[in-house]
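Trainee: model this:
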Amino acid sequence: MNVIFEIPLIILTAILSSNISMQDVKIGDRENSLNKISLKIVAKENGMIKYLTENKNHFSVTCENRKVVYMENDWLQNLENTKPLFSNFIFGKTSLREIRNIYHTNGFTYRERGGFVTETDLI
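Mentor: Residues are numbered from 1 along each chain as shown. Reported below is the predicted structural model:
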């Protein structure tokens, strides 16, 4: 079964975070680096700012201790706007299996769940 990886597109943290830039912002940047983002702000609360991207999707940035600690690019399920802010992935088409094949990780984990590996998959 090929599960479609849709919303949210979880930013691949830890191993890849230093390589990913969205709107010229990276994980670990100072909070004032958000000043250069010229997108419309659609929500703001508790250290998180959500922007409306040019292709009508959402881009969220979370800061703690004046540093960027998390970024997320959400697809709002418009089939005309399937390009994320980074990578050659396609919202609504790129599968979790394809992401795993490229990055060898889901990009996210749950504390309460351990990884489970079969002969063909990481679950």
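Trainee: would you map the helices across the protein?
Mentor: Under the criterion DSSP state H, the chain contains helices at 96-103.
Trainee: output the lowest mean pLDDT helix or strand found in it.
Mentor: When each helix and strand of the chain is scored by mean pLDDT, DSSP states H and E, strand 9-10 comes last, with a mean of 42.
Trainee: okay, the closest residue to Gln23 other than its chain neighbours and Thr62: tell me how far apart.
Mentor: Nearest residue to Gln23 in three dimensions, chain neighbours excluded: Ile37, at 4.9 Å (Cβ to Cβ, 6 or more residues apart in numbering). Any C-beta I mention is one placed from the backbone N, CA and C, and that applies to glycine too. Counting by Cβ to Cβ, to the nearest Å, the gap from Ile37 to Thr62 is 14 Å.
Trainee: try Ile27
Mentor: 10 Å.
Trainee: cool, and Glu80?
Mentor: Computed with Cβ to Cβ, the distance linking Glu80 and Thr62 is 28 Å.
Trainee: the more surrounded of these two?
Mentor: For Glu80 versus Thr62, neighbours defined as other Cβ atoms under 10 Å are more numerous around Thr62 (16 against 7).
Trainee: so the more buried one makes contact with Tyr70?
Mentor: Yes: applying Cβ atoms under 8 Å, one finds Thr62 in contact with Tyr70, separated by 4.1 Å.
Trainee: joint contacts of the two?
Mentor: Contact with both Thr62 and Tyr70 is made by no residue, according to Cβ atoms under 8 Å, 6 or more residues apart in numbering.
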